[in-house]
Each structure stands twice: as C-alpha cells, then as structure tokens.
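Enquirer: Model the following, please.
(2 chains)
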Amino acid sequence: MPEELTDRPDLLQVAEALRERFGDPVGAVAFEKGELAVRVRASELPAAVEFLKIVRGFNALNDMIGLDRHPAPGEGRKRFSILYQLYRFPGRLRVRLVIDIDEGEAVPSIVPLFKSAGWAEREIFDMFGIVFRGHPDLRRVYLPEEFTGHPLRKDFPLEG
Amino acid sequence: MAFQEIELNMGPQHPSTHGVLRLKLTVDNEVVRAVEPVLGYLHRGMEKLWESLTYPQIVPLTDRLDYLAAVSNNLGYVLAVEKLMGLEVPKRARYIRVILAELQRLASHLAWVGFMANDIGAMTVLLYSFEDREDILDVFETYCGGRLTVHGIRIGGVPFDMDAGVAGMIRRVLDGLPKRIADIENLLDDNRIWLHRTRGVGVISAADAMDYGLTGPPLRATGVPWDIRKEIPYSSYEDFSFDVPVLAGGDVYDRYLVRMREMRQSAQIIRQALDGLPEGEFQAKVPRILKIPPGEVFHTIEAPKGELGFYVRSNGTDKPERVKMKSPSFINLQCLERMCKGNLFSDVVGILGSLDIVLGEIDK
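Expert: Numbering: from 1, shown residues only, chains lettered A, B, ... in the order given. This next block holds a predicted model:
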C-alpha cells in the first residue's frame, strides 16, 4: 500500500489541481492508507465538487458522511464535518472532500450537481440536524417528522 | 370524461414491497406521475449502536442489514476494519471469503429471481429457485452453523477452515446449478407475459443512472461496466478470471439478464477458488482486545445489490468513533421515481422488484 502521496501521481495531480484552484488552508491535503482527503471551505464546496466533476471527471458521488466531534472538537476546530466521497469511473480514483461546520451553520446543497446527494443530505439533516441550503426537499428521511433531536449527535443518549 | 390525478398509498404492509416500505403514488388514470418512498419503518439506529460496541461485536450486527446477503455485509465491514488496522490476511482466508461471498451472491440472486417473478405473477420460478438457494444455505450451515445471519467472516480471517466435506458440498451445488439456471431461463426468457411486463419497462439511461449513484446489476444493465471486483479488486479477486455481464437496454428485462449471467460467473469464480485454494492459515493473529490507532478509511465491495461501502473512523480505543454504511439499496431506491414516471401503475411492483432492495439495509 503506498504510504506517500508522491507514490500515487494520479491522486497527487488531483490534489495539486485542487490546491491551485482553492488555495491552501492549513492541513488541507491528507493522504492516509492510500486515500486522499482534501479539506475545503464550506462556502467553496459546490465549486470544488463541480471542478472535480466537470474538469477532472469524477462522475460519481459514492457517499456523504457526517461526523460530530462533540464534546471535544479540538483546538480551533468546528463541531461537525461532512465528508464527500467522490469516484471517477473508469479510473479507479477516489477523493474525499472534507468541510468543517459549526452548529447552526448551513451548508450549500450539491443536489444540482449530483442527484444522489438528495437522500444523502436528507439523512445527514435527519441524523445531525445540519441544514443544506438550496436542497429541493429537505425533510427527515428515517425518523418521523415530529421527532425531536438528532440521534447521531454525540450528546444524544444511546438509551432514552 | 376528464380524469384527475389521485394519490394512492402502497404499503408499508404490502407483499411486493419486500419489507416495510411505503410508497406514496400520484397516478393519472393508470399512469404514474410521481412516486415518493417513505422510509424508516425498520430503522434500528444501527450506526448509533455501533459507536457503543467493540469492533468484533459489530460483525454479527452487519448480518442484519442486507439479510439476504449476510456474508457480503460481513466482508464489507471486516475489510474496512482490516484496512484501518493495516492487517494482512492469509491468502487461504481470502480465498475462503471469496467462495462464501460468491455463494452468497448466488443465494441472493436466486432469491431475487424467485421474488421478482412471483411479484409479476409467475409463481413457479420461486419454487425452483428456492430449492437451489436452500442447498446454498445448507452449505453455510455445515460450514459455520448459520443460515440466514451467517456471521461467516471474522476480523483477520474466517472462523473455520474449508474442509473437504464442505468443499464437496459446494461442488455438488455448482454441478446442479447450470441446469437450474437453465430451467428458470426456460420459464422466463421467451415467456410472452414476462417479456410484456419487463421489456421496455422502467428504463433509465446510463447518464441518469450515474447521476443518481445507481450501482450493481441495475447500473450494469444500462451499459456501464462498473464492478468493484474488477475496478479495485479486494480479497484476491484479481486472481480469478471472470466476465462482468453488461447490457445496454436499462430496462427490467436487462436487469434480469445481467443477474442471470452473473450467477454463471459467480459459479466460475467459486470453482477457481476451490481448485486453487492455497494451503496455510485461515486466521491472522488479532489481539483479543482490538484497539485501533486514530484514523479513517472508506472501503467498498461489490455486494449482490450493488456497491456496499463502509466508512470506519477510529479514535485509539476499542470502539469506533463512527461507522457509516453506504447501503446500495438506499441509493438505488432513489432512482425509483425516475424509473416509474410515465409507466403504468401496475408496473411499479415490477420496477421496484427489479431494483432488488432489502429494507434491512435501507433503514439500517
């Protein structure tokens, strides 16, 4: 398994292109266990996804993953993260875009770019209470409408 | 006489929704205008529960996701954890895993073709296909004691070695399989009712399918040769020669053909794995209390329903910080509205059946 990003010129190229286009926030590019993760600003997320889709040919959104760092997000870190797993077929390339957001911060929706984000964003809204700006139909996907709370937040009790 | 759109409710207790799925349909006379799936009737909060369990404790719970393909779920989760640990699994274990996973694909596709034909009204197929599925479940039972919730894969390897008895049983299943597949094809391939209900029904284009994130046999029926076993081989799939059946019609009939052809390829993979089964250990050394240093991985496999992914994030303790499952049925079901729009109301059942969803993994 390659340990350095320089062992994977195809991924390195994608990382450099993203860095060139969206600047270089601290700790922006991480390469771990053969997987590339690039941190972008939440406001620039749709532009980054569009760039990867149109210019670099990442034609599939595999999954969206929500994370909660409560109660100790770490020095200067925000509470939540959303991870976007993009895939280029054919090409065997996987890239993870990461955005950090705080409680009450809205995230721009990427449904106009990938229809598969529709239910994925609804799931994150349901489980973490993160609002997606511009989503055509943002409702809970699993839990009933009248449910209060968001179960996958770390301060939500396991047993009620 | 003027017709107006009316709303119809289907499910959650409906024999053709394969579990507890509710559909809100808007129909104009007999034509479907909108479909809205309502989920959550089987939501058990698996992802929340996993955060309170140790890594090995999670494996049997993954059986309960896609309960028609338990081994595939085990494999997806276990491979993600092993990647996170950087653990090398013995080759013999990898081969046994491939044998189990492909048997599971056969069992899942056989169950699918039976249910699907039954939904459309051809009940005979169910009786045939379940006979062979039963033989495969007997193999699982002899191998590790489980039939439906198999728990057939452990972190670091497999629970038992593949002895000559089980291998002989598998060979007997494989010997009988071509005739059984041919029997089913004889019943369906040129059946006028079957063709009428499946051909040109629920069509989706390759571009739409990619946009909606469709994976698995429904995607390969639109002409996209995306199979993770070939794309990013895992668990030694690169050692076996097999084809990825692809068709271009994008309708229910092509989804059926893709799955039938996949079964033959699975049988071929199992034979190669049995013939080439390497000697050696079937379980790597894994500490009794498994603590994984902080890190994160995303790993996907080709499950019978589509691309199954697990995101695992560790924090240095014996319990994961977060486990997220990318369930193929959840993502494939999103396409349903696109496929049903403009089709007849009576075809909704057939289109839903052709996606091969399991509510256990949709609702998690």
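Enquirer: Could you give the residue of the stretch 251-364 of chain B that lies closest to chain A?
Expert: Closest residue of the stretch 251-364 of chain B to chain A, CB to the nearest CB: residue B:326 (4.1 Å). All C-beta spots, glycine's among them, are computed from the backbone N, C-alpha and C.
Enquirer: hang on, residue B:115 packs against residue B:355?
Expert: No - if you go by CB atoms under 8 Å, residue B:115 and residue B:355 don't touch, sitting 11.7 Å apart.
Enquirer: neighbours around the residue nearest to residue A:46 when sequence neighbours are not counted, how many?
Expert: Nearest non-adjacent residue to residue A:46, counting by CB to CB, 6 or more residues apart in numbering or on different chains: residue A:108, 5.0 Å away. Counted by other CB atoms under 10 Å in any protein chain shown, the residues lying close to residue A:108 total 18.
Enquirer: For the strand or helix carrying residue B:101, buried residues please.
Expert: Using DSSP states H and E, residue B:101 sits in helix B:91-120. Going by neighbour count (16 or more other CB atoms under 10 Å in any protein chain shown), the buried part of helix B:91-120 is B:91-120.
Enquirer: Please name the nearest non-neighbouring residue to residue 70.
Expert: No chain specified, so I'll use chain A. residue A:154 (4.2 Å).
Enquirer: my bad, chain B
Expert: Nearest in space to residue B:70, with sequence neighbours left out and distances taken as CB to CB, 6+ apart, is residue B:63 at 4.0 Å.
Enquirer: Look up how far chain A lies from that neighbour.
Expert: 20 Å (CB to the nearest CB, to the nearest Å).
Enquirer: which residues touch that residue?
Expert: For residue B:63, the contacting residues are B:70, B:73, B:74, B:146, B:148, B:149, B:150, B:151, by CB atoms under 8 Å, 6 or more residues apart in numbering or on different chains.
Enquirer: Residue A:123 too?
Expert: A:64, A:66, A:141, A:142.
Enquirer: Strands along the chain, start to end?
Expert: No chain specified, so I'll use chain A. Ranges of strands in chain A, per DSSP state E, are A:29-32, A:35-39, A:60-68, A:80-88, A:93-101, A:107-108, A:132-133.
Enquirer: ah, I was thinking of chain B
Expert: For chain B, the strands defined by DSSP E cover B:5-10, B:22-28, B:31-38, B:295-303, B:306-314, B:320-326.
Enquirer: could you check the angle strand B:31-38 makes with the shortest one?
Expert: With axes from the mean of the first three to the mean of the last three CA atoms, to 10 degrees defining the directions, strand B:5-10 sits at 50 degrees from strand B:31-38.
Enquirer: Tell me if I'm right that residue B:210 and residue A:62 touch.
Expert: No - the pair residue B:210 / residue A:62 is not scored as a contact, 11.7 Å apart, by CB under 8 Å.
Enquirer: Return the distance of residue B:68 relative to residue B:339.
Expert: Distance, residue B:68 to residue B:339, by CB to CB, to the nearest Å: 21 Å.
Enquirer: Could you restrict the buried residues of helix B:91-120 to the ones contacting chain A?
Expert: Checking these against chain A by CB under 8 Å from any CB of the partner chain, not one of them is in range.
Enquirer: follow-up on the earlier one: by neighbour count, sort out the buried ones in the contacts of residue B:63.
Expert: B:70, B:73, B:74, B:146, B:149, B:150, B:151.
Enquirer: Determine which two of these are furthest apart.
Expert: Across the buried ones among the contacts of residue B:63, the longest distance by CB to CB is 12.6 Å; it joins B:73 and B:146.
Enquirer: how about residue A:106, what does it touch?
Expert: Applying CB under 8 Å, 6+ apart to residue A:106 gives the contacts A:130, A:131, A:132, A:133.
Enquirer: Next to chain B, which bits of chain A? Give me the list.
Expert: By CB under 8 Å from any CB, the residues of chain A that approach chain B are A:1, A:32-33, A:35, A:37, A:59-63, A:65-67, A:83, A:85, A:89-90, A:92, A:94, A:96, A:114-116, A:118-119, A:127, A:140-144, A:151-152, A:156, A:158.
Enquirer: Now that we have those, which of them are buried?
Expert: The buried subset of these - by 16+ other CB under 10 Å - is A:33, A:35, A:37, A:59-63, A:65-67, A:83, A:85, A:89, A:94, A:96, A:114-116, A:118-119, A:127, A:140-143, A:151-152, A:156.
Enquirer: What residues are bridge-paired with the nearest residue to residue A:120 once chain neighbours are set aside?
Expert: Spatial nearest neighbour of residue A:120, excluding adjacent residues (CB to CB, 6+ apart): residue A:64 at 4.0 Å. With beta bridges defined as DSSP bridges, residue A:64 has these partners: residue A:84.
Enquirer: doesn't residue A:86 make contact with residue A:64?
Expert: No - counting by CB under 8 Å, residue A:64 does not reach residue A:86; the two are 10.2 Å apart.
Enquirer: which ones are touching residue B:136?
Expert: Residue B:136 is in contact with B:103, B:104, B:106, B:107, B:110, B:173, counting by CB under 8 Å, 6+ apart.
Enquirer: any residues touching the helix or strand of chain A with the lowest mean pLDDT, and which ones?
Expert: Between all helices and strands in chain A, the lowest mean by mean pLDDT, DSSP states H and E belongs to strand A:29-32, at a mean of 77. By CB under 8 Å, 6+ apart, the surrounding residues in contact with strand A:29-32 are A:4-5, A:8, A:11, A:15, A:18-19, A:36-39, B:295-297.
Enquirer: What strands flank that strand, and is each parallel or antiparallel?
Expert: Strand pairing for strand A:29-32, determined by DSSP bridges: strand A:35-39 (antiparallel).
Enquirer: which bits of chain B sit near chain A?
Expert: Going by CB under 8 Å from any CB, the residues of chain B near chain A are B:39-40, B:43, B:45, B:47-49, B:51-52, B:83-84, B:86, B:210-213, B:224, B:226, B:231-232, B:295-298, B:300, B:307, B:309, B:311, B:313, B:321-322, B:324, B:326, B:330-331, B:334, B:363-364.
Enquirer: can you give me the helices in chain A?
Expert: A:9-22, A:45-50, A:117-128 (DSSP state H).
Enquirer: can you give me the offset of the last one from its chain's centre?
Expert: Just to be clear, that refers to helix A:117-128. For helix A:117-128, the separation from the chain centroid amounts to 12 Å (computed by CA atoms, centre = their mean, to the nearest Å).
Enquirer: Let me see the mean pLDDT of that helix.
Expert: Average pLDDT, helix A:117-128: 91.
Enquirer: what's the angle from it to strand A:80-88?
Expert: With the same axes, to 10 degrees as the basis, helix A:117-128 and strand A:80-88 are set at 160 degrees to each other.
Enquirer: what residue ranges in the chain score low on pLDDT?
Expert: I'll assume chain A. Where chain A drops to pLDDT under 70, the residues are A:1-3, A:24-27, A:160.
Enquirer: if you could check chain B rather than the one you did, that'd help
Expert: Checking chain B against pLDDT under 70 turns up B:1-3, B:15-17.
Enquirer: Dump the strands of chain B to CSV, plus mean neighbour count.
Expert: Formatted as CSV, those follow (neighbours: other CB atoms under 10 Å in any protein chain shown):
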stretch, mean neighbour count
strand B:5-10, 12
strand B:22-28, 17
strand B:31-38, 17
strand B:295-303, 24
strand B:306-314, 25
strand B:320-326, 23
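Enquirer: Could you dump those into TSV and include distance to residue A:55?
Expert: Supplementary listing: the strands of chain B in TSV, determined by distance: least, CB to CB, whole Å:
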stretch	distance to residue A:55
strand B:5-10	42
strand B:22-28	39
strand B:31-38	34
strand B:295-303	23
strand B:306-314	24
strand B:320-326	25
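Enquirer: Minimum distance to residue B:217: which of these has it?
Expert: strand B:306-314 (7.5 Å).
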